[in-house]
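A.B. asks: have a look at this prediction, sequence included:
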Amino acid sequence: MNPLPSRAARHIVQNEPLLFEVSAPGKRGSQLAPLDVPIAAPPAVRGAIAGFPELSELEVIRHYTRLSTWNYGVDTGLYPLGSCTMKYNARVNELVSRLEGLGDAHPLQPEHLSRGALAIMQQLSRDLLEITGMAAITLQPAAGAQGELTGILMIRAALSARGDARRTVLIPDSAHGTNPATAAIAGYQVQNLKSNPDGTVDMSDLNRLMNGEVAALMLTNPNTLGIFEEDIHRIADLVHERGGLLYMDGANMNALVGRSRPGDFGVDVMHLNLHKTFSTPHGGGGPGSGPVAVKRELEPFLPIPVLVTRHDGGDDGRPDLDYARPHSIGRVRAFHGNFGMFTRALAYIMANGCDGLKQTTEDAVLNANYLRQKLEGDYAIAYATPSMHEVVLSDALQAPHGVHTGDIAKRLIDYGFHPYTVSFPLVVRGAMMIEPTESASRADLDDFIAAMRAIAEEARTQPELVTSAPHTTKISRLDEAAAARRPILRWRPA
Amino acid sequence: MRFLPTSDTIRGQMLADLGLNHADELFSHIPEYCRLQRPLAIPPGQSEAEIVRYFRQAAAANAPGFASFLGAGAYHHFRPAHIDMLAGRGEWFTAYTPYQPEISQGTLQSIFEFQTMVCQLTGQEVANAGVYDGSTALHEACMMAARITGRSQLVVARTIHPQYREVLHTLTRYRDFPLVEVGYAADGRLDATALAAAVSASTAAVAVQSPNFFGTIEEWQAAAAAAHAHGALLIAVVTDPVSLGLLPPPAADGDDGVDIVAMEMQGFGIPVGFGGPYAGVLATREKFVRNLPGRLVGEARDREGRRGFVLTLSTREQHIRREKATSNICTNEALCVLMASIFMATYGPEGLRELALQNLSKAAYAAQALQAAGAEVLFPAPRFHEFVVRLKTPLETLQPVLTRERIIAGLALARHYPELGNALLVCVTETATRADIDRLVGLLTKP
Amino acid sequence: MDYPKQYRYTKEHEWVDLDGSTAKIGITDFAQQQLGDIVFAELPAVGTVLRSGQAFATVESVKAVSEVFAPLEGTVAEVNAEVAQHPERLNSHPHDTWLITATVSHPSAVNQLMDAAAYQQFLAASSDSSAH
């Protein structure tokens, strides 16, 4: 094996059984205050919760601490997962979201006792509208995919209100899988749109498909190839001329903040991923948060309640919740959405400010282009078109040796890195989608480049080393086919 | 710019490496009209101290330290200190979805354990890795039932959380899923006669919440029999998992019980946090697993035969099946699921039983005390930790005094159940002391 | 792997083994190679009406789903229970592992499908044109 890059190291390995296997009857990790009222008799009582774990507090702590050491987080090292924007999650964000008065605020407490929480939502809304150039916003959707659904439902409501219900949504073949899944749930048929050889929307295909039955084009910009749609104005004009609306998936906003605003290039509806662009933690798979921003003509259709500013006092207005919205699509989630993510995102925006947000975007784009330049030659570049915040390579140079994108990804683990996004977007065979984000230092990038070059060399000279990777982790590759054929989805006593 | 690891000097060197003089050139391929030509109208970056000050002021403008008797789908339970300390480890909260199992075994094993504990607690056969929350879990459960039965009508109890029902209306509005709501009887439980009349051969699912929105406890077997009589499935909605520490669970019970459980996990150690983030979960029968939306973790073996865990049955999901997926969901609220798991492991079966019993006892004490003081407590059916009381004086009139006394009395039901008049939904958990309850009773019944 | 001479093939990579008016239908070796390790097959109920060119089953690998299209019109007569138990047989013995048998409405329509030689020519031609 090649020497490890200077700052990378192998992974910690420690064994820890399942909770149920360390459990023993009669232990407990909790103690309640004595009951200060008479015990009431329950109407009916369940049987024992068979198999439920019984542990002391220290055993619980050891269990979850040991398990945590088998994970790789942004705190561990470079996490160049394309389209996921794995950036630093500041600790102050965690602190402020747990403050007494915020972390324990009840979503149904009276509005005069929710002023602080509503003010946070109002400030975040204002900042996100300034960043996107849009006119109105809802923070309610629980995640990006739910934001997409909210946006598409609003488009459907707006078109229905025009008396122009349509049937189809156009989606480029490079799009994330949630886009077509969302359109289907909103009751639309999905029509795929081809990419051209530059990796952008094929204008002639769009011209052919954009007809009177098309409600919307769902576009990601920059797209999942990390390429800015340079024809965006012509795209928007074409969609609008033929009565459709332009939806933008904001997954890649980290390339645009402070530099370019979707509201200025013809977007009608878009969602943001607070857990990507605005640094709320990914948490091992959620929670996310997917605010949806719209142009003025779509404002009547926002989910209820809508956060509004009432100018009934002397000051600059108080935030309030408006339920009297006859054209609203309704509520998409209980309560106000993932409020804990709003505090974190606002803290991120405040910490960076206008200057830091712009610098962040520049560094994200600079880092991606730096990687691209240094890896070109060792790896095939999927598209010659300039990159924004991420670059898509392919395994075309390694595949002849029997080494594919998934193998290179696994080998990166041995070099101490989290892999890039594997086999996506689908339009690139053997895709390797790399997004370093602004959180990578040049030293991180140089280490990653050294590892990638070493793997390219290994692919030529000892491909089996790569195809059997990783070699340094707690477990080696798992037999996913056997796991799927006869799924074991829960522990059962032996 | 304290988060950025790149200095101006290094930036200059990196740009030079790329043959560029200025960062603007990185964006030169963006058409001019798309470029923002001014700074964002957001103040420059602020220090950590300023940020903390801002949020402390905001927190103070809410209701810190108030005694709260609000429930209605978001419950105040004590959160042991180690939940945040463990979940606050960067290896947990700064990790991504565990698509690379070799460096995600921590998250994967914890989810496998979560799925198992949810099955043990509910008496169901399989559980997923989590969905957004209880409200969206109900929608996903309904869609799942429609796929399984090939039917479309949904029969929904009016005693399901009003906001859950609103979400269901919104998310089905452009598809053909006729919704029928079934009311409640005088005892506060589901109207069995109306339910029997509403279910037919076109019904995909009957959805019932227990303890229901009024806090009264429904009987799963009776609801299941009503649904199954016409080949429909029964969906059980649970808004506070603490209730399952004591009450009969929404179990599969062979073929006679509940078919799908849609549960909100917030009560298990997830902050009330002004409404989110929370975590929902779906649990069901093994035979329905391929119609279950959301992530699933399964056990697997590596090349050396060692046990490991991996995301499995992924072909149900949007990233593979695209427009034909079971759902568009792609998160499982993993960090909230972790908090709930730590909570369950900490309390254990005996701790959960005692916790549930304390909740039930405190609510019973509060209801009795209100009744004794002359208030009208509605619905005689057995309850868990919530109940409805009809006030003589409108809540708005009492509000100034309650606020001064730092008490949040409960939720006025007039918006969603106008027929109940001046009714208040009161929730009493283990966090309320007897003194808090006595103060509440005094303020609500003051002549 | 050999493509049996007596079978007929479709451009969507199904094979048909017709005997009188009864057809066994499966997926080809090429199809299983494209999918990788097959973990699940969702098969229709007996009695389902097959419409030529329309999907009647799905076959899943760990990370892909593929629809199986009806090569001929007819009605599903039998469903292969062994596939549910051992989906991996579709990888190891694709041409011996039928998914369904069908009672075919117009047996002569089978002549419009490719024979083994034509199918192999079709595979060779499409692999040339799909090189990216």
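C.D. replies: It's in. Residues are numbered from 1 along each chain as shown, chains lettered A, B, ... in the order given.
A.B. asks: identify the residues contacting residue C:34.
C.D. replies: Counting by C-beta atoms under 8 Å, 6 or more residues apart in numbering or on different chains, residue C:34 makes contact with C:13, C:66. Heads up, the C-betas are built off the backbone N, CA and C, glycines and all.
A.B. asks: once you drop chain neighbours, what's closest to residue 312?
C.D. replies: As the question left the chain open, I've gone with chain A. residue A:318 (7.4 Å; C-beta to C-beta, 6 or more residues apart in numbering or on different chains).
A.B. asks: um, chain B though
C.D. replies: residue B:298 (3.6 Å).
A.B. asks: quick one: strands adjacent to the helix or strand containing that neighbour?
C.D. replies: Using DSSP states H and E, residue B:298 sits within strand B:297-301. Taking DSSP bridges as the criterion, strand B:297-301 forms sheet pairs with strand B:307-311 (antiparallel).
A.B. asks: show residues contacting the partner strand.
C.D. replies: Applying C-beta under 8 Å, 6+ apart, the external contacts of strand B:307-311 come out as A:474-475, A:478, A:480, A:483, B:98-99, B:101, B:105, B:108-109, B:111-112, B:295-302.
A.B. asks: go with 7 Å
C.D. replies: With C-beta atoms under 7 Å, 6 or more residues apart in numbering or on different chains as the contact definition, strand B:307-311 has outside contacts at A:475, A:478, A:480, A:483, B:98-99, B:101, B:105, B:108-109, B:112, B:295, B:297-302.
A.B. asks: now stretch B:105-114
C.D. replies: Outside stretch B:105-114, the residues that reach it (C-beta under 7 Å, 6+ apart) are A:18-19, A:67-71, A:284-285, A:474-475, B:91, B:95, B:98, B:101, B:129, B:297, B:299, B:308-310, B:334, B:337-338, B:340-341.
A.B. asks: wait, what's in contact with residue B:51?
C.D. replies: Each residue near residue B:51 by C-beta under 7 Å, 6+ apart is listed here: A:92, A:96, A:347, A:350, A:351.
A.B. asks: hmm, try it at 10 Å
C.D. replies: A:90, A:92, A:93, A:95, A:96, A:346, A:347, A:348, A:349, A:350, A:351, B:45 (C-beta atoms under 10 Å, 6 or more residues apart in numbering or on different chains).
A.B. asks: farthest-separated two in those residues?
C.D. replies: Across those, the longest distance by C-beta to C-beta is 17.5 Å; it joins A:95 and B:45.
A.B. asks: ok, those two, which is more surrounded?
C.D. replies: Neighbour count, other C-beta atoms under 10 Å in any protein chain shown: between residue A:95 and residue B:45, residue B:45 has more, with 20 against 17.
A.B. asks: which parts of chain C sit against chain A?
C.D. replies: Residues of chain C lying near chain A by C-beta under 10 Å from any C-beta of the partner chain: C:36-40, C:60-63, C:85-88, C:91, C:130-132.
A.B. asks: residues near residue 26, how many?
C.D. replies: Just going to use chain A. Residues lying near residue A:26 (other C-beta under 10 Å) number 7.
A.B. asks: can you look at chain C instead?
C.D. replies: 25.
A.B. asks: before we move on, what SS does it have?
C.D. replies: At residue C:26 the chain is in strand, as set by DSSP: H, G, I helix; E, B strand; the rest coil.
A.B. asks: quick one: the helices in the stretch 201-350 of chain B?
C.D. replies: Counting by DSSP state H, counting those that start in this stretch, the stretch 201-350 of chain B has helices at residues B:220-228, B:318-321, B:334-372.
A.B. asks: phi, psi for the closest residue to residue C:11 other than its chain neighbours please.
C.D. replies: Counting by C-beta to C-beta, 6+ apart, residue C:122 is the residue found nearest to residue C:11 once chain neighbours are left out, at 6.6 Å. Backbone dihedrals for residue C:122, given as degrees, to the nearest 10, come out at phi -60, psi -40.
A.B. asks: cool, residue A:423 as well?
C.D. replies: Backbone torsions of residue A:423, given as degrees, to the nearest 10, read phi 60, psi 30.
A.B. asks: what about the residue nearest to residue A:312, distance to residue A:56?
C.D. replies: Plainly put, residue A:318 is 49 Å away from residue A:56 if you go by C-beta to C-beta, to the nearest Å.
A.B. asks: if we can go back for a sec, burial count for the residue nearest to residue C:11?
C.D. replies: For residue C:122, the neighbour count with other C-beta under 10 Å is 16.
A.B. asks: residue B:119: what secondary structure?
C.D. replies: Here residue B:119 is recorded as helix under three-state DSSP.
A.B. asks: mind listing what the residue in the stretch 151-300 of chain B that chain A sits nearest to touches?
C.D. replies: In the stretch 151-300 of chain B, no residue comes nearer to chain A than residue B:275, which is 2.8 Å away by C-beta to the nearest C-beta. Residues near residue B:275 by C-beta under 10 Å, 6+ apart: A:105-108, A:117, A:140, A:333-340, B:73-74, B:133, B:163, B:266.
A.B. asks: now, which of these lie within helices?
C.D. replies: Here DSSP state H is the test, and the contacts of residue B:275 give A:117, A:339, A:340, B:163 as lying in helices.
A.B. asks: of those residues, closest to chain C?
C.D. replies: residue A:340 (32.8 Å).
A.B. asks: contacting residues around the closest one?
C.D. replies: Counting by C-beta under 10 Å, 6+ apart, residue A:340 touches A:93-94, A:97-98, A:102-103, A:280, A:287, A:289, B:270-271, B:273-278, B:335-336.
A.B. asks: switch the cut-off to 8 Å
C.D. replies: Taking C-beta under 8 Å, 6+ apart as the test, what residue A:340 contacts is A:97, A:103, A:287, B:271, B:273, B:274, B:276, B:277.
A.B. asks: try residue A:461
C.D. replies: Listed by C-beta under 8 Å, 6+ apart, residue A:461 has no contact partners.
A.B. asks: can you pull the phi and psi angles for it?
C.D. replies: Taking degrees, to the nearest 10 as the convention, residue A:461 sits at phi -100, psi -40.
A.B. asks: could you check how far it is from residue A:451?
C.D. replies: Distance, residue A:461 to residue A:451, by C-beta to C-beta: 16 Å.
A.B. asks: could you do residue A:421 as well?
C.D. replies: Using C-beta to C-beta, one obtains 17 Å as the distance from residue A:421 to residue A:451.
A.B. asks: with residue A:459 instead?
C.D. replies: Where residue A:451 is concerned, residue A:459 sits at a distance of 13 Å (C-beta to C-beta).
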